[in-house]
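# sequence and computational prediction follow.
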Amino acid sequence: MLGFLKQPAYKPEQTGPEADARYKRLRLQVFIGAFIGYAGFYLVRKNFSMAIPALEPLGFHKTELGVVLSMNAIAYALSKFLMGSVSDRSNARVFLPLGLILTAISMCFMIVPIEWLGASNKGMAILLMAVLNFLVGWFNGMGWPPCGRVMTHWFSVSERGTMMSIWNCAHNVGGALVGPMATYGAAWFGSWFYGAQHEMYFLIGTFAFPAATALFIALLAYILLRDTPQSCGLPSVEKWRNDYPKNYSEKSEETLSAKEIFFQHVLNNKFLWFIALSNAFVYMVRYGCLDWAPTILTEKGIDLKSAGWAYFAYEFAAIPGTLLCGWLSDKLFHGRRALPTMIFMALVAAFILMYWVFIDDLTMVIIALIGIGFFIYGPVMLIGVQALDLAPKNAAGTAAGFTGFFGYFFGTAILANIVIGAVSQAVGWNWTFALLLGACVLAIVFMGFTYKEEQYLVHKK
């Protein structure tokens, strides 16, 4: 482990009213740091997809650009898992800003192959763009694990669902800002760099402006974040709130080796395998509906503008749905995640069926997409929380990365993108909807295997 990434040593524990007030203040400060830090990653996440329409007139083709685009998802899936292990042994205060800085630099350098090489050196330009977009995806994978580490160390199991549902909205906030930043960044700063070359303004709005903003956010995150309560001279959150999970022990506060994390606490944990498999099917539904909605609707004769509003409605509905799901898991289900996930996925299936039956009615389709968006993001969030709950605190990043890998690699890249694309091309959209309903059922089945493991929370209450 590099010296600057090492976890800070624990300080002597403070007690009394002053320490209690300091604990409350630092928890809020750390939460804000994690929220804006993670939102910053979404400013420099999938910007390349926004650049594609502007790259085509410059001489690049969709097929070539699609290869570049795929590098991001593949790298992110691998990184979220592997960098999770590094995060578990690192100082979150340093690890998160470092990942954001490296992501921003990689994103900004995307200008080089486009402007300096261009379509006249297409082979080298595409290769360099692919490498850079891979790095963007890889360094983006350094965002979730340290946030997961922070949330497990500063918030106990009975409150974590609510707090993580609020934190999870960071990606909606960051993702929503990318479009306006691309538009206004090009308008405000494009002429400074390119003068009358209006066709190149998008480089500033899409890559440079978000990257510069992300660098500033990295600084703010470093100022606000702290690694663990113990590194600040405070007791563990379990001791402070008297809220101990089933798998808690004093060893949970120690730093483990990568071998111990992988082989003792992740790969041999059958419940993590169950929720990872469930996550793959949840992500198949999430991106199967999201990524293909504009294509389905335009093929059904619905104009692109209306399809765009349906897409927006799907994403916007995620925020209240996520907050509700997190609150219910803490307050109504006493910290259990399996049961609300299963209920929400059953409701997702009902709205997918509605989407399928009323596919030619735009109003009903938008209602169905709002329903899917409202209910699908709760399970997406809760599976990440459940991974943190079912693994020791010192293996939290790796556990969440493991389930995330299944979600992004198998659920998104293979099932939602490749399988659904191939099935829709070969046999039509009816079979696609049948696959999505089947995915809902399988997500519920695999999640059901963890139901009994969480029942101790009810007895504890």
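All right, it came through fine.
# what's the spacing between residue 417 and residue 141?
Note on residue 417: its distance to residue 141, by Cβ to Cβ, to the nearest Å, is 18 Å. Any C-beta I mention is one placed from the backbone N, CA and C, and that applies to glycine too.
# when the two are compared, which one has more neighbours?
For residue 417 versus residue 141, the count of surrounding residues by other Cβ atoms under 10 Å is larger for residue 141: 26 against 18.
# could you find the closest non-adjacent residue to that one?
Once flanking residues are discounted, residue 141 sits nearest to residue 79: 2.5 Å by Cβ to Cβ, 6 or more residues apart in numbering.
# what of residue 399?
That would be residue 391: by Cβ to Cβ, 6+ apart, it lies 3.5 Å from residue 399.
# got phi/psi on the one you found?
Residue 391 adopts backbone torsions of phi -120, psi 150, taken as degrees, to the nearest 10.
# next: the one 10 residues further on.
For residue 401, the backbone dihedrals are phi -60, psi -40 (criterion: degrees, to the nearest 10).
# what sits closest to it if chain neighbours are left out?
residue 84 (2.8 Å).
# got a list of what that neighbour touches?
144-145, 148, 397-402, 404 (Cβ atoms under 8 Å, 6 or more residues apart in numbering).
# which secondary structure element contains it?
helix 62-88 (DSSP states H and E).
# for that helix, list every residue counted as buried.
64-65, 68-88 (16 or more other Cβ atoms under 10 Å).
# and it, how far out from the chain middle?
On the basis of Cα atoms, centre = their mean, to the nearest Å, helix 62-88 sits 12 Å off its chain's mean C-alpha point.
# now stretch 130-141
On Cα atoms, centre = their mean, the centre of stretch 130-141 falls 15 Å from that of its chain.
# what's the average pLDDT for it?
Stretch 130-141 carries an average pLDDT of 95.
# I'd like the next helix or strand past the helix or strand harbouring residue 129.
According to DSSP H and E, residue 129 maps onto helix 122-140. Using DSSP H and E, the helix or strand that follows helix 122-140 towards the C-terminus is helix 144-154.
# for that following helix, packing partners?
Applying 3 or more Cβ pairs under 8 Å, 6 or more residues apart in numbering; DSSP states H and E, one finds that helix 144-154 contacts helix 17-43, helix 62-88, helix 92-108, helix 157-168, helix 362-390, helix 396-405.
# just want the angle from the shortest one to helix 92-108.
In this structure, helix 396-405 runs at an angle of 40 degrees to helix 92-108, with axes from the mean of the first three to the mean of the last three Cα atoms, to 10 degrees as the basis.
# can you list contacts of helix 396-405?
Against helix 396-405 from outside (Cβ under 8 Å, 6+ apart): 77-78, 80-85, 87-88, 141, 144-146, 148-149, 152, 261-262, 265-266, 269, 272, 275-276, 279, 383-384, 387-388, 390-391.
# and if you look at stretch 439-455?
Against stretch 439-455 from outside (Cβ under 8 Å, 6+ apart): 271, 274-275, 277-279, 281-282, 284-285, 288, 335-339, 341-342, 345-346, 348-349, 352, 379, 383, 386, 389-390, 415.
# ok, back up a step: quick one: the residue nearest to residue 399 from residue 205, how far?
41 Å.
# I'd assumed residue 365 was in contact with residue 351.
No: counting by Cβ atoms under 8 Å, residue 365 is not a contact partner of residue 351; they are 10.4 Å apart.
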